[in-house]
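Engineer: what's the 3D shape of this:
(4 chains)
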Number of protein chains: 2
Amino acid sequence: MQRRKRLWRVMDRFLSNSVNRIDAKGRVSVPAHFRSVVQKRGYTELYALRCLDVPAMDVGGLDLLDRYEERIAQEDPFLQTADDMSFFCHGDGTFLKLDQGGRITVPDFIREHTGIGAEVAFVGRGQFFQIWEPGRLAAYGAEARARLLKLRQGTKPGERPE
Amino acid sequence: MQRRKRLWRVMDRFLSNSVNRIDAKGRVSVPAHFRSVVQKRGYTELYALRCLDVPAMDVGGLDLLDRYEERIAQEDPFLQTADDMSFFCHGDGTFLKLDQGGRITVPDFIREHTGIGAEVAFVGRGQFFQIWEPGRLAAYGAEARARLLKLRQGTKPGERPE
DNA sequence: TAGTTGCCCATGGTATCCCATATCGAGATT
DNA sequence: AATCTCGATATGGGATACCATGGGCAACTA
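Structural biologist: Residues are numbered from 1 along each chain as shown, chains lettered A, B, ... in the order given. Okay, the predicted model is just below:
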């Protein structure tokens, strides 16, 4: 493993996806591969943020939060936009502590937003990953594919549908 | 602007949200995580200020006052607005003492301004936190997210406004 | 004196630690 | 190719520490 140096950049990202079960106490194992990425990146804690337009959470290290805060710093701090952004990334975000077994506990407001019940789908997104309710993820994936298909069949190159 | 050295460690910020109940004596527990942030930041007292445009209170250390004064300073000191703001904030600002159990007592004027009755919603805002009547918070949150979503609509597909 | 405020402890519920067991997967062996 | 072996991973459950919450008591106050 150590000798394939060139692959480290690649291995350093959140890739692929899997579904894990939530136990009676509300805990779910973060996939081992994701945990190793977390460790390589030196994160001690995970930051989870409610997605704006889909029933999912973005999860990543603290640099995810840093990126948002830097973005907020660019706004006039006393205008509505800055306040909305802070409200969103601080109020709708939360830390997720990994326990010694590599599990996180899914709090209620995450369940409400995502519809997560008995199972959690983990989806790698490169710099971060997402958690979904498996059924909704499948539905969303189907929609996305349908949009792409429609785009390819129904429109001329360069044109946007609808 | 030059990037100032981090005054607080990364995890020492108010994040996430939760709802606690007010008991018969008017006391409510400040979420344990917020209390630990308060301690890490070395706040000896909590200061609460009326929010200018929403039915909530901003709560934090004394540096919270700096933030308000910065805002007031932006107004022309000869206009009525600055004086109104000062009156509104300083006049109705108050210290909230944490008792040994980590609870605060919610005074009447906070109830009047926020509509808080039986429950209090605590919302992390990074450098400080807010308290809301849970229902009003939900409504305001929906509005804020809608505004942000509209902002994002202006960006190209696939782009994220981070 | 009645009401308020702060301190203390009791209780139930939840999160976390730790260990046991089941499940999975990669590589070796046949 | 099919099976076996073993380490890593996912999952379940008991024990425990922490936390939100309610109520008693004493000191203070209007």
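Engineer: make it CA atoms for all contacts and neighbour counts henceforth
Structural biologist: OK.
Engineer: wait, what's in contact with A:Pro134?
Structural biologist: A:19, A:116, A:119-121 (C-alpha atoms under 8 Å, 6 or more residues apart in numbering or on different chains).
Engineer: out of the residues you listed, who's nearest B:Gly60?
Structural biologist: Nearest to B:Gly60 among those is A:Ile116, at 33.4 Å by C-alpha to C-alpha.
Engineer: By neighbours, which of the contacts of A:Pro134 wins?
Structural biologist: A:Val120 (25 neighbours; other C-alpha atoms under 10 Å in any protein chain shown).
Engineer: Specify the local secondary structure of it.
Structural biologist: strand (DSSP: H, G, I helix; E, B strand; the rest coil).
Engineer: give me every residue that touches it.
Structural biologist: A:19-22, A:28, A:131-134.
Engineer: Only C-alpha atoms, please: export the longest helix that chain A contains in PDB.
Structural biologist: What stands out as the longest helix in chain A, according to DSSP state H, is helix A:134-154. Output of helix A:134-154 as PDB, limited to C-alpha atoms (Å, rounded to 0.1, in the frame of the first residue of the first chain):
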ATOM      1  CA  PRO A 134     -31.400   5.400   0.800                       C
ATOM      2  CA  GLY A 135     -34.800   5.500  -1.000                       C
ATOM      3  CA  ARG A 136     -34.600   9.300  -1.500                       C
ATOM      4  CA  LEU A 137     -31.100   9.000  -2.800                       C
ATOM      5  CA  ALA A 138     -32.200   6.400  -5.400                       C
ATOM      6  CA  ALA A 139     -35.100   8.700  -6.400                       C
ATOM      7  CA  TYR A 140     -32.900  11.700  -6.700                       C
ATOM      8  CA  GLY A 141     -30.400   9.700  -8.700                       C
ATOM      9  CA  ALA A 142     -33.100   8.600 -11.100                       C
ATOM     10  CA  GLU A 143     -34.200  12.200 -11.500                       C
ATOM     11  CA  ALA A 144     -30.700  13.400 -12.200                       C
ATOM     12  CA  ARG A 145     -30.300  10.700 -14.800                       C
ATOM     13  CA  ALA A 146     -33.600  11.600 -16.400                       C
ATOM     14  CA  ARG A 147     -32.500  15.200 -16.600                       C
ATOM     15  CA  LEU A 148     -29.300  14.300 -18.200                       C
ATOM     16  CA  LEU A 149     -31.000  12.000 -20.700                       C
ATOM     17  CA  LYS A 150     -33.500  14.700 -21.600                       C
ATOM     18  CA  LEU A 151     -30.700  17.200 -22.000                       C
ATOM     19  CA  ARG A 152     -28.900  15.000 -24.400                       C
ATOM     20  CA  GLN A 153     -31.900  14.000 -26.500                       C
ATOM     21  CA  GLY A 154     -34.100  17.000 -26.500                       C
END
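Engineer: Going by distance to DNA strand D, which of the contacts of A:Pro134 wins?
Structural biologist: Comparing the contacts of A:Pro134 against DNA strand D with C-alpha to the nearest atom of the strand picks out A:Val19 as the nearest, at 7.3 Å.
Engineer: do the helix or strand hosting that closest one and DNA strand D meet at all?
Structural biologist: Taking DSSP states H and E as the criterion, A:Val19 maps to strand A:17-21. Yes: against DNA strand D, strand A:17-21 shows contacts by C-alpha under 7 Å from any atom of the strand at A:20-21.
Engineer: what sits up against that strand?
Structural biologist: A:28-31, A:118-124, A:134.
Engineer: could you measure the residue lying closest to A:Leu62 once chain neighbours are set aside against B:Phe95, distance?
Structural biologist: Computed as C-alpha to C-alpha, 6 or more residues apart in numbering or on different chains, the closest residue to A:Leu62 that is not its neighbour in sequence is A:Tyr47, at 6.0 Å. Look at A:Tyr47 and B:Phe95: by C-alpha to C-alpha, to the nearest Å, they are 31 Å apart.
Engineer: More neighbours: these two, which one.
Structural biologist: More crowded of A:Tyr47 and B:Phe95, by other C-alpha under 10 Å: A:Tyr47, with 24 against 15.
Engineer: could you dump the contacts of A:Pro134 to a markdown table with pLDDT and distance to B:Phe109?
Structural biologist: Shown next, in a markdown table, are those (pLDDT from 0 to 100; distance: C-alpha to C-alpha, whole Å):
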| residue | pLDDT | distance to B:Phe109 |
| --- | --- | --- |
| A:Val19 | 96 | 49 |
| A:Ile116 | 95 | 39 |
| A:Glu119 | 96 | 45 |
| A:Val120 | 97 | 44 |
| A:Ala121 | 97 | 46 |
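Engineer: out of these, what pair is the most spread apart?
Structural biologist: Longest span within these, C-alpha to C-alpha: A:Val19 and A:Ile116, 11.6 Å.
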